[in-house]
Each structure stands twice: as structure tokens, then as C-alpha cells.
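K.L.:
just need the structure, nothing else, for what follows:
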Amino acid sequence: MPRTARGLHYEVTDLRPPWLRERRSGRPVVFHHGVGASLDIFAEWMPIVAARHPVVRFDMRGFGQSVVPPESHEWTMAELIADLLDVGAAAFGTDPVQVMGESIGGTIALAASLEHPSRFAAVAMSNAAIKGGQIGYAPGWRAEIARVGIDGWSKRLMDMRFVPGVLPPEALAWFAAAQVRSPAHVVIGLGELLIGTDLTAGLSTFKSPLLLMMPDRSPFVSLAQADALAQLVPQTEIAVFPGARHGLPFSHAKEAAGTLLAFLDRVESGRLFPPRDT
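P.N.:
The predicted model follows:
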């Protein structure tokens, strides 16, 4: 199974018919999951998005089959940006890609595009924050995990991710089993990094097309935060998903995948925003 030089497990999926591959139709898309998940949370997106674009998904550092740092590890946004760039380059070289990130994965995607605008043609985010200090139920995960363990943390988070009845029991069981395997020190480190992150200062210069896919009842990231971001970045689209909590990319996978695909079509056809200067 492929791994980057930085120890990140990734998978490339390209379901385009041969005539589209020959035309090199569809700019590549990089998928970045968030805390407690793995690349497989995007499994139901693949038949939709990868039919038009080559896609790479990867396990974020500390999860799935990627490298797990030691408990003494110092988490930095610079490292996570470098991981995202590493995966994109391993799969597609250094040409610009489009990126779809969920939760902290979206925050990292936006931060990476701010730091390296020539590497990203468009950014899509689902239930992601730009200012960690404004996250509802700000993750005081260190104290919580010390009190109830990773099992208790995971059970509480499942309620925050999914509205009752939104998914079949087997899907919920799969997600819960994957989440509870999260290393406690990784969860704590990333939660504390996110709370200290604030991207607002650089957003006035952000020029890439931006899509915000927002649940209407996330306990973490409110719709008001999406509106605030749209005020800072005029080239922003917002898509709201009724009946969704923080687990939107998993609970509403097919609908979200269709929303992303339509957005990318508008970007690539020039019907959304004029091309940005590079």
C-alpha cells in the first residue's frame, strides 16, 4: 500500500472513462478527513467524484494506517500543511489541485491554500472552523479523556456527529469502531492545536474559489461562523444541509459529493469566479 516519505498512507481513485483520462479532463482532488476518522469516511463520495476527477484520500497523521507520532510530539499547523502538500505531490506532482477537507481537515486545507496559493485551485470545507476559539463545546479533550477514557470521549462525540436515525446501524457501528481506535494523545494534541488556530488575519488576500458545506445543527461549528467567513472571502459559496450534525461528510455523503462535484464543475468551466491571479 502506498505511503509518502512522511509516513502517510494514501489511496488514489480514478473512475473516469478512458476518453476523459486521455483528455486529462477534471483537475485532481485531495480529500482530508478530521479527528477520529480515516480516509474511508469518504468511501461513498468516490463513485460520484472520482467518475469526473482523479482523487487521492489519505489517513491523517496519527490515524488509520499512517504514522502515529509519539506522546511527546509537538503538533503544529506547519507540519499538517506539509503533510497535505506531501500527499498531493506523491499522487499528482506539484500542479495545482483542488482540496476537500472535513472538520480540522478543512481548517488545514484553508491554511495550506493561504500559505501556498499556487498549489491549490479551489478549496472545499465541511463543518470546518477558521477560528478555533469560537468552536462550540471547545474540545477540552485532555480533561475529558482523563475522566472517561477514549471510549467515553468517542461515545459522546458520536452523539455530536449524528442525528438519531440518520444512518443505518451498521454504518454507525463502523464509524464508532474506527473512532474509538484513535490514540488519546493524538486527539488531545490536535484538539488543542485547533483551539489555538486563527486564520482570519490572512483571509483578506485569499483568492481561490471556496465552498463551505455546513450542517444546520453542528454543536461545534455554527452557521454564523460560515457567514463570517463569507464576509471575509467574497468568492465563497455556502451549502447548508438540513438534519446534519458534525458528521455531515459521512451521514450525507452522496448529497455532499454531488454538491462538491457541481462546485468543481463551475470552477473549472469559469462559471463561478474569474480565474485568480497566481
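K.L.:
neighbours around residue 251, how many?
P.N.:
Counted with other Cβ atoms under 10 Å, the neighbours of residue 251 add up to 23. In short, each C-beta sits where N, CA and C put it, glycine included.
K.L.:
next, the contact list for it, please.
P.N.:
161-163, 166-167, 244-245 (Cβ atoms under 8 Å, 6 or more residues apart in numbering).
K.L.:
try residue 79
P.N.:
Residues near residue 79 by Cβ under 8 Å, 6+ apart: residue 61.
K.L.:
and it, how far from residue 38?
P.N.:
Remark: distance between residue 79 and residue 38 (Cβ to Cβ, to the nearest Å) = 19 Å.
K.L.:
could you list every residue that touches the closest residue to residue 229 other than its chain neighbours?
P.N.:
Excluding the flanking residues, the one nearest residue 229 by Cβ to Cβ, 6 or more residues apart in numbering is residue 130, at 5.5 Å. For residue 130, the contact set (Cβ under 8 Å, 6+ apart) comprises 107, 110, 198-200, 203, 225, 228-229.
K.L.:
what are the buried residues along the helix or strand hosting residue 142?
P.N.:
Counting by DSSP states H and E, the element that carries residue 142 is helix 141-161. Buried residues in helix 141-161, defined by neighbour count with 16 or more other Cβ atoms under 10 Å: 141, 144-145, 150, 153-154, 157-158, 161.
K.L.:
so of the residues you listed, which two are at opposite extremes in space?
P.N.:
Among the buried residues of helix 141-161, the pair separated by the greatest distance (Cβ to Cβ) is 145 and 161, at 17.0 Å.
K.L.:
for residue 95, give its distance to residue 230.
P.N.:
Residue 95 sits 28 Å away from residue 230, going by Cβ to Cβ.
K.L.:
and what of residue 190?
P.N.:
26 Å.
K.L.:
for those two, indicate the residue with more neighbours.
P.N.:
residue 190 (25 against 15).
K.L.:
quick one: contacts for the more buried one?
P.N.:
35, 62, 75, 104.
K.L.:
most neighbours among the residues you listed, which one is it?
P.N.:
Per-residue neighbour counts (other Cβ under 10 Å) across the contacts of residue 190 peak at residue 104, which has 27 neighbours.
K.L.:
export stretch 57-65 to PDB, keeping only CA atoms.
P.N.:
Listed next in PDB are the C-alpha coordinates belonging to stretch 57-65 (Å, rounded to 0.1, in the frame of the first residue of the first chain):
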ATOM      1  CA  ARG A  57      -7.600  10.200   0.000                       C
ATOM      2  CA  PHE A  58      -5.200   9.800   2.900                       C
ATOM      3  CA  ASP A  59      -5.100   8.900   6.600                       C
ATOM      4  CA  MET A  60      -4.200  12.000   8.500                       C
ATOM      5  CA  ARG A  61      -1.100  11.700  10.700                       C
ATOM      6  CA  GLY A  62      -2.000   9.800  13.800                       C
ATOM      7  CA  PHE A  63      -5.000   7.800  12.300                       C
ATOM      8  CA  GLY A  64      -5.700   4.800  10.200                       C
ATOM      9  CA  GLN A  65      -2.600   3.300   8.600                       C
END
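K.L.:
residues in contact with that stretch?
P.N.:
Applying Cβ under 8 Å, 6+ apart, the set of residues contacting stretch 57-65 from outside is 1, 3-4, 6-11, 13, 30-40, 42, 66-69, 79-80, 83, 87, 105, 182-183, 186, 189-190.
K.L.:
who does the worst-scoring helix or strand of the chain on mean pLDDT touch, helix- and strand-wise?
P.N.:
Within the chain, no helix or strand scores below helix 223-232, which has a mean of 87 by mean pLDDT, DSSP states H and E. Here helix 223-232 touches strand 210-215, strand 236-241, going by 3 or more Cβ pairs under 8 Å, 6 or more residues apart in numbering; DSSP states H and E.
K.L.:
report the buried residues of stretch 77-97.
P.N.:
Those would be 77, 80-88, 90-92, 96-97, for stretch 77-97 by 16+ other Cβ under 10 Å.
K.L.:
quick one: which of those is nearest to residue 18?
P.N.:
Proximity to residue 18 was ranked across those by Cβ to Cβ; first place goes to residue 92, at 18.5 Å.
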